[in-house]
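Student: My questions are about this predicted structure, shown below with the sequence.
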Amino acid sequence: MEDAAQSLAERYRTLTPDTLRLVVWYGGDEHDVIHVRDDVVEMYSPGEFEEKVKQLVVEGISDPPVQESFRLFGSMGVAVRRFEKAIVLHFPVDEFSGIAVTLDRDGSPSLDTLVDAGIDALDEVRSDQ
């Protein structure tokens, strides 16, 4: 699924190059930072940055694609969190893996555009496998 994260990062770098902050693939106890904007990584010490990434991963794992209370809706394709200054998208792949994306809120395309671009990138990689 790291290929999906790479594909998703490329799509967002094209769609919204100035507002893309971070793309992280996570699976179980592992994670890999696929993309990070220079000014974002410079905001933190290496330890602080790693802790922020881990917090992002924990948030993603807390939203698995299949949730019993919403099972009639089907599986979840994306969880969106919109903050004053940022947008966080979690694309769950299975119960313990997924892709997290953060973007600046100002200057980003609409949430529909961001969600559709992410889901399309994941679907393309899945269909190629």
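Tutor: Yep, that arrived.
Student: buried sites along the top helix by length along the chain?
Tutor: When the chain is parsed with DSSP state H, its longest helix is helix 111-128. Across helix 111-128, burial judged by 16 or more other C-beta atoms under 10 Å covers 114-115, 117-118, 121-122, 125. In short, each C-beta sits where N, CA and C put it, glycine included.
Student: Also stretch 89-97?
Tutor: Buried-residue list, stretch 89-97, by 16+ other C-beta under 10 Å: 89-93, 97.
Student: least confident pick among those?
Tutor: Within the buried residues of stretch 89-97, the minimum per-residue pLDDT falls on residue 93 (86).
Student: which residues in the chain form strands?
Tutor: Here the chain has its strands, by DSSP state E, at 20-27, 30-36, 79-82, 86-94, 97-104.
Student: what's the last one in contact with?
Tutor: This points to strand 97-104. With contacts defined as C-beta atoms under 8 Å, 6 or more residues apart in numbering, strand 97-104 is touched by 1, 4-5, 8, 12, 16, 18-28, 34, 56-57, 59-61, 65, 85-93, 114, 118, 122.
Student: could you flag which of those are buried?
Tutor: Applying 16+ other C-beta under 10 Å to the contacts of strand 97-104 flags 1, 4-5, 8, 12, 16, 19-27, 34, 56-57, 60-61, 65, 86-93, 114, 118, 122 as buried.
Student: where in the chain is pLDDT low?
Tutor: Along the chain, segments meeting pLDDT under 70 span 1, 125, 129.
Student: What distance do you get for the nearest residue to residue 75 once chain neighbours are set aside to residue 25?
Tutor: With sequence-adjacent residues excluded and distances taken as C-beta to C-beta, 6 or more residues apart in numbering, residue 75 is closest to residue 65, at 4.3 Å. Using C-beta to C-beta, to the nearest Å, we find residue 65 at a distance of 15 Å from residue 25.
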